[in-house]
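1. quick one, what's the 3D model for this:
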Amino acid sequence: MIKSILGQKIGMSQIFNKEGKAIPVTVIKAGPCLVTQIRSKEKDGYDAVQLGFGKAKKLNKPQKGHLKKIKNSKLKIEDYTRWLREVRIKGDQKEELKIGDEITVDIFKEGDKVVVSGISKGKGFQGVIKRHGFSRGPASHGSDHHREPGSIGSMFPQRVVKGRKLPGRTGGQKVSIKNLEIVKVDKENNLLLIKGAVPGGKNNLLIIRGE
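-> As a prediction, this is how the structure comes out:
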């Protein structure tokens, strides 16, 4: 079975281990997810599975057409299709899945190492000191260089070279954190408690993949 699931960040907390030591954890509502599409290397050029998660308010006609292949009368499709995301799988895992399967937190156990991906918190438009950690200039009245980026290159090639560290929008990018440990799996409430912090703010969509 694949070891990938979609989840929603609830927030941070702490639990205590047997020695009484406090462990900071992120609480994630993970699944249940619905297999909505299976991609194959023969047809699509790569092996992947599309998972649906979260309760959708309403499905439009294109979404209904995309999901019409799901044959599972026990499930209400709207309860699983707020977000649709693809995760890569190995070729042999494809044989274990079919459209309409439900994936829950049972695929993980305590102590598993996972990779968590999400969109980081947006911090708006920032200068080079906050964005790149530049040093500031002299604070005296005679200085005309307080928080500016300074020289950005020579006269040739008479343009700003790509990749130059300049002011700009900060955060709001996809971030993946590896080697995170699952501290607790709550099957009844579909919760994963992961040691440490994960990208994004509360209610942020996350993709949790086994290493």
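2. when you work out contacts or count neighbours from here on, use the C-alpha atoms and nothing else.
-> Will do.
3. please name the bridge partners of the residue positioned nearest the centre of the chain.
-> With distances taken as CA atoms, centre = their mean, the chain has Gly118 as the residue nearest its mean C-alpha position (2.1 Å). Residues in a beta bridge with Gly118, per DSSP bridges, are Val175, Leu206.
4. so what's it up against?
-> Applying CA atoms under 8 Å, 6 or more residues apart in numbering, one finds that Gly118 lies in contact with 174-176, 198-200, 204-207.
5. pLDDT weak spots in the protein?
-> The model of the chain has pLDDT under 70 over residues 73.
6. just to revisit the earlier point, just the buried residues from the contacts of Gly118, in PyMOL please.
-> Filtering the contacts of Gly118 down to the buried ones (16 or more other CA atoms under 10 Å) takes a single PyMOL command:
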select buried, resi 176+198+199+200+204+205+206+207
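7. can you list the contacts of Gly118 in JSON lines and add distance to Gly100?
-> Listed next are the contacts of Gly118 as JSON lines, based on distance: CA to CA, whole Å:
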{"residue": "Lys174", "distance to Gly100": "28"}
{"residue": "Val175", "distance to Gly100": "29"}
{"residue": "Ser176", "distance to Gly100": "28"}
{"residue": "Val198", "distance to Gly100": "29"}
{"residue": "Pro199", "distance to Gly100": "29"}
{"residue": "Gly200", "distance to Gly100": "29"}
{"residue": "Asn204", "distance to Gly100": "25"}
{"residue": "Leu205", "distance to Gly100": "21"}
{"residue": "Leu206", "distance to Gly100": "21"}
{"residue": "Ile207", "distance to Gly100": "19"}
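8. good, wrapping up.
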